[in-house]
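Novice: whatever this is, show me its structure:
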Amino acid sequence: MIGCMAHFEDPPRPVPVDPVAPMVAKEGKKKIDWAHVGRRALWVLVLVVLAWLLVLLLAAFLPRWWAQVIGNAVDGSFSAGAWWGLMIGAVFTGLPVAAAAQAVLPGRGPRIRATWLVVALVLAIPNLLTLAVVLGTNEAAHAGERILDVDAPAFRGGTAWGAVLGAVLAIAVVVLGALYRRRGRRLRELQKQHPKA
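Specialist: Numbers count the residues shown, from 1 in each chain. You can find the predicted model right below:
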């Protein structure tokens, strides 16, 4: 009797299979291509070394070259040195500040922001070169300082004043532009709320 009852019991139900489980297992078993990883690491290392060598080369060349360019333009004149410094400092500080402000405006995508930041960096190159001469500690920077002392007096002081002036003017223009755009948005909102009859 017990055997008959056991014979009539419900058969065991199959365990439900999760359709995602085999895929997870397959992905978990995916092997890492160490040769590919090694090649990528080698390329990154090569690029880092090349970038480092390029920086060293430019640091040994650019400060002296920039000082010679400025020295030829100023030609030992105190007033010309002050004028060139004021103009270069103002223009190549004001334009980068204005370009960087474009990168932080709302509604810009990451590519557009990165593009504006690159433009700002490129526009700041003349002032960065002057800064490399003034703050540099290598032989090229010291040679550049001596060239500026003799051939471009007052250039560094004029550049400092020009940079301050350019930054102030650029910030003022950016703030006024933002206020003007804000006023325009408010006027458009008011026109929508109170259309003309």
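Novice: rest of the way, CA atoms for contacts and neighbours
Specialist: Noted.
Novice: can you tell me which residue is nearest the centre of the chain?
Specialist: The centroid of the chain falls nearest to L117 when counting by Cα atoms, centre = their mean (4.6 Å).
Novice: right, and that residue touches A103 too?
Specialist: Yes. With contact defined as Cα atoms under 8 Å, L117 and A103 form a contacting pair (6.3 Å).
Novice: if we can go back for a sec, okay, and the residue nearest to the centre of the chain sits in which element?
Specialist: Using DSSP states H and E, the element containing L117 is helix 110-123.
Novice: what's the mean pLDDT across that helix?
Specialist: Across helix 110-123, the average pLDDT comes to 93.
Novice: please renumber so the chain begins at 33
Specialist: Sure thing, new numbering starts at 33, so read that last one as helix 142-155.
Novice: so where's this protein uncertain?
Specialist: Along the chain, the parts satisfying pLDDT under 70 run over 33-61, 228-229.
Novice: that one: strands as residue ranges?
Specialist: Taking DSSP state E as the criterion, the chain contains no strands.
Novice: regarding it, what is its longest helix?
Specialist: Ranked by number of residues, the top helix in the chain under DSSP state H is helix 66-106.
Novice: could you say what helices and strands it packs with?
Specialist: Contacts defined by 3 or more Cα pairs under 8 Å, 6 or more residues apart in numbering; DSSP states H and E place helix 66-106 against helix 110-135, helix 157-167, helix 171-183.
Novice: apply 10 Å and report the result again.
Specialist: For helix 66-106, the elements it packs on are helix 110-135, helix 157-167, helix 171-183, helix 187-225, judged by 3 or more Cα pairs under 10 Å, 6 or more residues apart in numbering; DSSP states H and E.
Novice: figure out which of those is closest to R96.
Specialist: Nearest to R96, of all the helices and strands packed on helix 66-106, is helix 171-183, at 4.5 Å by Cα to Cα.
Novice: ok, back up a step: and the angle from the longest helix of the chain to helix 110-135?
Specialist: Angle, helix 66-106 to helix 110-135, by axes from the mean of the first three to the mean of the last three Cα atoms, to 10 degrees: 140 degrees.
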